[in-house]
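Colleague: Dropping a prediction and its sequence here:
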Amino acid sequence: MANIEFRNVTKVYEPMNKKTKRFKAVDNFNLEIQEGEFIIFVGPSGCGKSTTLRMIAGLEEITDGEISIDGTIVNKVHPKDRNIAMVFQNYALYPHMTVFENMAFSLKLKHVPKEEIRKKVNEAATILGITALLDRKPKALSGGQRQRVALGRAIVRNPAVFLMDEPLSNLDAKLRVQMRTEITNLHKRLNATVIYVTHDQVEAMTMGTRIVVMEGGVIQQIASPNELYRQPSNMFVAGFIGSPAMNFFNGRAIKDKDGIKVSISGFKLLLPAEKAKAVEDGGYLEQEVIVGVRPEHIRYAADIPEINARYQRIEVKAGIVENLGSEELIYFWIEDKQYCAKSSDTDLKSGDAVSLAIDLEKIHVFDPKSKLTISN
Ligand code: ATP
């Protein structure tokens with residue numbers, strides 16, 4: 001187990017030839033990770049997640065700033081001396097070795113006595129339920145089994161930190177879900193510090209104790225899953241976390257006899273007291289603002305037993321209606337933009353008139369220029 005600290009860490013890739021330019025992949029990254037945390041780096045492709053992970057492992061040089069592990073700056077420490085184990089998406093198992101040999105390999109290199117190697121490999125194999133596979137070669141294993149071997153290889157080393165780079169992305173949907181819970185349980189059992197890279201926000205939300213959302217090499221927000229969902233700090237995070245994504249309505253903040261509202265084409269949303277205060281105090285009255293509403297907070301009105309002042313009804317025409325079994329997604333258009341609402345079982349068809357209810361307590365308000373949150 002270990003603490004890890006990033007101080008102003010920046011990574012610039014130097015041009016490989018005259019045609020390419022320098023590229024800043026990670027920009028001024030600051031983060032303190034406590035012992036035993038399960039930290040997720042999440043963000044779209046190319047946002048710098050893997051580069052950051054590789055800098056911890058020592059596989060990528062740090063251009064600027066410092067990374068320390070347990071108080072020691074490791075910028076110049078060789079990867080093999082960092083007491084870190086990395087699990088990759090492609091497993092990277094040695095094809096000519098058995099499962100046992102794959103798991104034992106790093107211990108053998110360290111000249112650990114044979115009996116101890118056997119004990120450690122057997123222990124890890126028991127934890128992962130792969131004892132029966134120890135004599136097989138990787139080609140005789142399923143994807144999930146290979147991924148377990150890759151995890152086992154990391155566990156036997158008893159590292160201070162586990163780094164995992166999209167370890168589940170090669171697995172089918174069902175196995176992914178199963179391995180997700182297995183890794184979470186493993187983390188609890190080993191009480192290890194884990195840093196896990198993914199672009200899958202379901203993995204991020206379900207596995208992480210804290211999530212670091214990145215975009216363009218820059219940290220957008222660091223928070224617990226709950227906080228990210230409820231209090232996104234900007235439109236990027238708001239749109240990235242949650243599926244289907246948050247709806248964004250362009251509007252204008254106004255004040256009338258009922259209070260402060262956001263006027264959107266065809267309807268007005270009355271802001272609850274705290275949100276109204278943030279809008280007024282921020283100087284947004286008579287200004288453009290963006291209202292964010294998650295699909296789960298725009299409900300089919302008939303699903304809500306009592307539509308009171310907490311809700312704003314809107315009348316729209318259903319576009320595509322997707323039945324997911326446990327719920328339905330109702331897509332609808334306002335002017336030339338498509339939005340999404342959720343409902344339980346309906347008989348709605350495309351083209352039907354539909355009455356929806358927006359939960360005013362759950363709306364978010366953003367600044368259209370800075371994209372920062374005005375109120376959650
Ligand atoms: P993905 O989810 O696609 O794996 P990522 O968030 O892990 O993406 P990185 O692999 O960290 O992204 O890459 C960050 C950026 O740095 C990308 O734009 C990538 O093209 C660039 N990059 C990565 N490696 C190099 C390199 N060796 N030389 C130049 N640019 C690189």
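Modeller: That came through fine. Given the structure is predicted, the values throughout are model-derived calculations rather than measurements.

Colleague: Next secondary structure after the longest helix along the chain?
Modeller: If you go by DSSP state H, the chain has its longest helix at helix 173-190. Where DSSP states H and E defines the elements, the next helix or strand beyond helix 173-190 is strand 193-198.

Colleague: The very next helix or strand once past that following strand near the ligand at all?
Modeller: Counting by DSSP H and E, the next helix or strand C-terminal to strand 193-198 is helix 201-207. No. Judged by Cβ under 6 Å from any ligand atom, helix 201-207 stays clear of the ligand, getting no closer than 12.4 Å. Quick note: C-beta positions are derived from backbone N, CA and C, even for glycine.

Colleague: Now do the longest strand along the chain, average pLDDT.
Modeller: For the chain, the strand with the greatest residue count under DSSP state E is strand 311-323. For strand 311-323, mean pLDDT is 94.

Colleague: In its sheet, which strands sit next to whichever helix or strand comes after that strand, and in what direction?
Modeller: Using DSSP H and E, the next helix or strand after strand 311-323 towards the C-terminus is strand 328-334. Strand 328-334 has the following strand partners under DSSP bridges: strand 311-323 (antiparallel), strand 337-343 (antiparallel).

Colleague: show me where the stretch 1-150 of the chain has strands.
Modeller: For the stretch 1-150 of the chain, applying DSSP state E, counting those that start in this stretch gives strands covering 4-13, 23-33, 38-42, 64-69, 72-73, 84-87.

Colleague: what's the pLDDT at the residue lying farthest from the centre of the chain?
Modeller: The outermost residue of the chain relative to its centre, with distances by Cα atoms, centre = their mean, is residue 257 at 42.0 Å. With respect to pLDDT, residue 257 has a value of 93.

Colleague: distance of it from residue 19?
Modeller: 63 Å (Cβ to Cβ, to the nearest Å).

Colleague: Would you confirm that residue 359 contacts residue 311?
Modeller: Yes. If you go by Cβ atoms under 8 Å, residue 359 and residue 311 touch, sitting 6.0 Å apart.

Colleague: on that earlier part again, for the strands of the stretch 1-150 of the chain, give me CSV that also has distance to the ligand, mean pLDDT and mean neighbour count.
Modeller: What follows is the strands of the stretch 1-150 of the chain, written out as CSV (distance: least, Cβ to the nearest ligand atom, whole Å; pLDDT from 0 to 100; neighbours: other Cβ atoms under 10 Å):
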stretch, distance to the ligand, mean pLDDT, mean neighbour count
strand 4-13, 3, 97, 18
strand 23-33, 3, 97, 18
strand 38-42, 8, 96, 24
strand 64-69, 15, 96, 17
strand 72-73, 22, 94, 12
strand 84-87, 13, 89, 23
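
Colleague: Residue 290: which of those strands is closest?
Modeller: Distance to residue 290, taken as Cβ to Cβ, is lowest for strand 38-42 among the strands of the stretch 1-150 of the chain, at 22.7 Å.

Colleague: got a list of what residue 199 touches?
Modeller: 42-45, 49, 166 (Cβ atoms under 8 Å, 6 or more residues apart in numbering).

Colleague: interface residues of the stretch 1-150 of the chain facing the ligand?
Modeller: Counting by Cβ under 6 Å from any ligand atom, the residues of the stretch 1-150 of the chain close to the ligand are 13, 23, 25, 43, 45-51.

Colleague: which among those end up buried?
Modeller: Among these, those scoring as buried are 25, 43, 47-51 (criterion: 16 or more other Cβ atoms under 10 Å).

Colleague: So what's the residue count around residue 235?
Modeller: Look at residue 235: counted by other Cβ atoms under 10 Å, it has 21 neighbours.

Colleague: pLDDT score assigned to residue 195?
Modeller: On the pLDDT scale, residue 195 is placed at 96.

Colleague: now do the one 4 residues further on
Modeller: Turning to residue 199, the model gives it a pLDDT of 87.

Colleague: What residues sit buried inside stretch 291-306?
Modeller: Result for stretch 291-306 [16+ other Cβ under 10 Å]: buried residues 291-295, 297-301.

Colleague: cool, stretch 220-227 as well?
Modeller: Buried residues in stretch 220-227, counting neighbours by 16+ other Cβ under 10 Å, are found at 220-223, 225.

Colleague: Quick check: phi and psi on the residue of the stretch 151-300 of the chain found nearest the ligand?
Modeller: Nearest residue of the stretch 151-300 of the chain to the ligand (Cβ to the nearest ligand atom) works out as residue 199 at 4.8 Å. Backbone geometry at residue 199, expressed as degrees, to the nearest 10, gives phi -110, psi 10.

Colleague: picking that back up, so which of the buried residues of stretch 291-306 comes closest to residue 332?
Modeller: For the buried residues of stretch 291-306, the nearest to residue 332 is residue 298 (8.9 Å; Cβ to Cβ).

Colleague: how close does the residue nearest to the closest one when sequence neighbours are not counted sit to the ligand?
Modeller: Closest residue to residue 298 apart from its sequence neighbours, by Cβ to Cβ, 6 or more residues apart in numbering: residue 341 at 3.9 Å. Residue 341 sits 30 Å away from the ligand when distances are taken as Cβ to the nearest ligand atom, to the nearest Å.

Colleague: which residues sit in contact with the residue in the stretch 51-200 of the chain that the ligand sits nearest to?
Modeller: Nearest residue of the stretch 51-200 of the chain to the ligand: residue 51, at 3.3 Å (Cβ to the nearest ligand atom). By Cβ under 8 Å, 6+ apart, residue 51 lies in contact with 11, 25-26, 60, 217.
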